[in-house]
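Visitor: Here is my input, please return the structure:
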Amino acid sequence: MAALSVTEAAEPRGRSGPGRVIQAWQRIPWQCAGQSPLFLTHEAGGRFTEAEVMVMGDVTYGACCVDDFTARALGADFLVHYGHSCLVPMDTSAQDLRVLYVFVDIRIDTTHLLDSIRVTFPPSSALALVSTIQFVSTLQAAAQELKAEYRVNVPQCKPLSPGEILGCTSPRLSQEVEAIVYLGDGRFHLESVMIANPNVPAYRYDPYSKVLSREHYDHQRMQASRQEAIAAARSAKSWGLILGTLGRQGSPKILEHLESRLQALGLSYLRLLLSEIFPSKLSLLLEVDVWVQVACPRLSIDWGTAFPKPLLTPYEAAVALRDISWQQPYPMDFYAGSSLGPWTVNRGQDRPSKTPGRPAIGKVQEGSTCPRPAADCEGCDCRDDGVAPPPP
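Guide: Numbers count the residues shown, from 1 in each chain. Below is the predicted model of the structure:
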């Protein structure tokens, strides 16, 4: 039988659960499994195919964690990634593996959001509205409502959807923008757009507590910490290059670029593959003077001081190797198509190579009547209008 691999991204505040996953499973085009119409009963009551189903238990932090390589290694023919946008295009996935992204559209009380914005900002204010992919439909609907009263901008950092931001990728805003309004709970993604736009006041609307709050970030402390790590790296004799293996966090192209630069400079290095990067692991390799992790840039930015040796991002390594000068503001362009250089995932020729001869499978979005958030995604053939309908 064909093996079907399912990855679930947990939703906040009790909005996840087997019932939601099953509803998504039942919308999977039945042709994808390639089986006769016998059904397998899921322990929570979902029945959709006779194919063997494997629920992957590895942690799924975000869209970068779609684990097509592991799914293929396990013999899966079809991968379902639940809850995130298709940051990794489906036509670049592992050979002979078809992928389906199931989007989650979280509905909220837009009336309260709009009223909160009207109370906080005077008419004609220039506002940039951003969110995570789960709230993009609501964000775009709110932007339409506010355009009569405000100068509203829903920025886009391609290949992300308009209004969508990631913890490592956010747009640079125009000088006319007077405030950022982030729709979502938590600060991780918000901090990304704050780092990229340090001079723009940022506000967060939590859709669960229904609180609109002013948010702050210590840019001076962060940049001082990162510059200190870069300065220490410039005197390093032995380098360690870490390729993240958690889903698609790691980029072999970036790793190859770093290796070529170190070779050109005559610096010794070792390669290390890790799914999770912890100080206790790196402390075992005492001969390494500086580490560069090709995984999540925020690991270095947020937790770099917890490691015994400097832990740089690929961009910071480029600064340390004098390939580029220190940038102001700090760039948050890890997945941006218009990024600074070859130390980012989608820069020019470093875009993931497409896998030829394998049809891409479409995307399913749960219960949205708003414009689909990934309608403007780029880099693959997985447009929403190509979604195959569920079986009758």
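Visitor: can you pull out the helices in the stretch 151-300 of the chain?
Guide: Using DSSP state H, counting those that start in this stretch, the helices of the stretch 151-300 of the chain run over residues 188-196, 219-233, 252-264, 279-282, 297-303.
Visitor: name the helices or strands packed onto the fourth one?
Guide: Helix 279-282 makes packing contacts with no helix or strand when contacts are defined by 3 or more CB pairs under 8 Å, 6 or more residues apart in numbering; DSSP states H and E. Placement of C-beta: from N, CA and C, glycine included.
Visitor: just how off-centre is it within its chain?
Guide: 25 Å (CA atoms, centre = their mean, to the nearest Å).
Visitor: what's around R214, how many residues?
Guide: Neighbour count of R214, defined by other CB atoms under 10 Å: 10.
Visitor: quick one: pLDDT of the closest residue to Y335 other than its chain neighbours?
Guide: In this structure, Y335 finds its nearest non-sequential neighbour in T169, 4.4 Å apart by CB to CB, 6 or more residues apart in numbering. At T169, the model reports a pLDDT of 94.
Visitor: residues in contact with T169?
Guide: By CB atoms under 8 Å, 6 or more residues apart in numbering, the contact list for T169 reads C157, L160, S192, M332, D333, F334, Y335, A336.
Visitor: and with 10 Å instead?
Guide: T169 sits next to 63-64, 87, 157-160, 189, 192-193, 196, 297, 331-336, 339, 344-346 when contact means CB atoms under 10 Å, 6 or more residues apart in numbering.
Visitor: and it, what are its bridge partners?
Guide: Under the criterion DSSP bridges, T169 forms beta bridges with D333.
Visitor: Would you mind measuring from it to Q249?
Guide: The spacing between T169 and Q249, counted by CB to CB, to the nearest Å, is 13 Å.
Visitor: Would you mind listing the residues touching both of these two?
Guide: Contact with both T169 and Q249 is made by residues C64, P297, F334, V345, according to CB under 10 Å, 6+ apart.
Visitor: what residue lies at the spatial centre of the chain?
Guide: With distances taken as CA atoms, centre = their mean, A63 lies nearest the centre of the chain, 4.2 Å away.
Visitor: where does the protein dip in pLDDT?
Guide: Scanning the chain for pLDDT under 70 picks out 1-49, 90-91, 348-392.
Visitor: try 80
Guide: 1-51, 56-60, 62-63, 65, 82-96, 347-392 (pLDDT under 80).
Visitor: ok, now which ones touch A231?
Guide: Going by CB under 10 Å, 6+ apart, A231 touches P310, V319, A320.
Visitor: quick one: which of the residues you listed has the most company?
Guide: In terms of neighbour count, P310 stands highest of the contacts of A231 at 25 neighbours, by other CB under 10 Å.
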